[in-house]
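Trainee: Need a 3D model of the following:
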Amino acid sequence: MNTDATTIHANRIADLAGDAAMTYFRHLLEVDLKDDESPVTQADRGVELRVRAYLEQHFPDDGILGEEFGQSDLTCDHVWSIDPIDGTRSFLSGHPLFGFLLARLYKGEPTIGLIRMPALDETVIGVRGGSATLNGDKIRVSSQVSLDQAIVYVNEAEKIFARHPQTFGRLLSAGQTRRFGYDCYPHALVAMGHVDAVVDEDLQPYDYLPLVPVIEAAGGIITDWRGEPLTLSSGTSGVVTAATADLHAALLGLVGS
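Mentor: Residues are numbered from 1 along each chain as shown. Here you go, the predicted structure:
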């Protein structure tokens, strides 16, 4: 199946997942805690089950990596990565900045990435070697090269503070404008050109793999904190997203010191 056809399927999955998520949003939900104390609801499970059913029907030979129901056939050339609700705490609190994340990988490297924001009705999709779009319109990262003039988001700030207090201290003075954030939307804003960079922590493969084609297709750079590419086998939790190589290098200097 060619990239254009796969992208059509990805958009259909985004609509399916978004519609499913919105049937649960701002309704009373039962909450369970995983081993790491992160919350999970019937919404997370329900969205992932619907996406898996679609993939099993249309891509029966592909593997799947999902947040809620684990992995199957990761040795396949093509593997789909699913995060049914990226930002469950936002979702539970009625905050609209939760997302749905999807990627298709080829031999461990993400080639198509998708960020769907159901409550905002926004779908950002990126194709490696192609373009990035927001609801079908092409998007591009900013041209900002100076960290002193940049808009920087620090995601999961309390975790960075607890695990890397010196890095956190340096990040507090990074950029002209800085904001604390969570989850996938700040990265999407980089692809759209509204935010210049994001430093993130405590991410799993299903969190960061969909971001890679989106950011790269929009002209940006995304790596782990060491500057290494993000793949299925990365095994990292820290991510740096930047609009330009200069910004990326400057932020690596802060998180890697």
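
Trainee: so where do the helices sit in this protein?
Mentor: 3-24, 42-58, 88-92, 157-163, 165-171, 185-192, 205-208, 211-217, 245-255 (DSSP state H).

Trainee: what helices or strands is the third one leaning on?
Mentor: Meaning helix 88-92. In this structure, helix 88-92 makes packing contacts with strand 39-41, judged by 3 or more C-beta pairs under 8 Å, 6 or more residues apart in numbering; DSSP states H and E. No exception for glycine: its C-beta is placed from N, CA and C like everyone else's.

Trainee: try the shortest one
Mentor: Judged by 3+ C-beta pairs under 8 Å, 6+ apart, the packing partners of helix 205-208 are strand 63-66, strand 78-86.

Trainee: Using PDB, write out every CA atom in the longest one.
Mentor: Think strand 78-86. C-alpha atoms of strand 78-86 as PDB (Å, rounded to 0.1, in the frame of the first residue of the first chain):
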ATOM      1  CA  HIS A  78       5.300  -2.300   9.300                       C
ATOM      2  CA  VAL A  79       4.100  -1.600  12.900                       C
ATOM      3  CA  TRP A  80       1.400   0.800  14.100                       C
ATOM      4  CA  SER A  81       1.900   2.800  17.300                       C
ATOM      5  CA  ILE A  82      -1.200   3.900  19.200                       C
ATOM      6  CA  ASP A  83      -1.700   6.300  22.100                       C
ATOM      7  CA  PRO A  84      -5.500   6.400  22.400                       C
ATOM      8  CA  ILE A  85      -5.700   9.400  24.800                       C
ATOM      9  CA  ASP A  86      -2.500  11.300  25.200                       C
END
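
Trainee: Just checking: what are the partner strands of that strand?
Mentor: strand 63-66 (parallel), strand 99-106 (antiparallel) (DSSP bridges).

Trainee: That one versus helix 3-24: what angle between them?
Mentor: 30 degrees (axes from the mean of the first three to the mean of the last three C-alpha atoms, to 10 degrees).

Trainee: Let me know the angle separating strand 78-86 from helix 42-58.
Mentor: Angle, strand 78-86 to helix 42-58, by the same axes, to 10 degrees: 160 degrees.

Trainee: okay, now residue 227: neighbour count?
Mentor: Residue 227: 14 surrounding residues under other C-beta atoms under 10 Å.

Trainee: Check residue 164 too.
Mentor: Neighbourhood size, residue 164 [other C-beta under 10 Å]: 16.

Trainee: Could you report the distance from it to residue 18?
Mentor: According to C-beta to C-beta, to the nearest Å, residue 164 and residue 18 sit 34 Å apart.

Trainee: give me phi/psi at residue 68?
Mentor: Residue 68 adopts backbone torsions of phi -90, psi -30, taken as degrees, to the nearest 10.

Trainee: Now do the contacts for it.
Mentor: Taking C-beta atoms under 8 Å, 6 or more residues apart in numbering, we find residue 68 in contact with 40, 44-45, 48, 84.

Trainee: that older thread, out of the helices of the chain, which gets nearest to residue 232?
Mentor: When the helices of the chain are compared by C-beta to C-beta, helix 205-208 sits nearest residue 232, at 6.0 Å.
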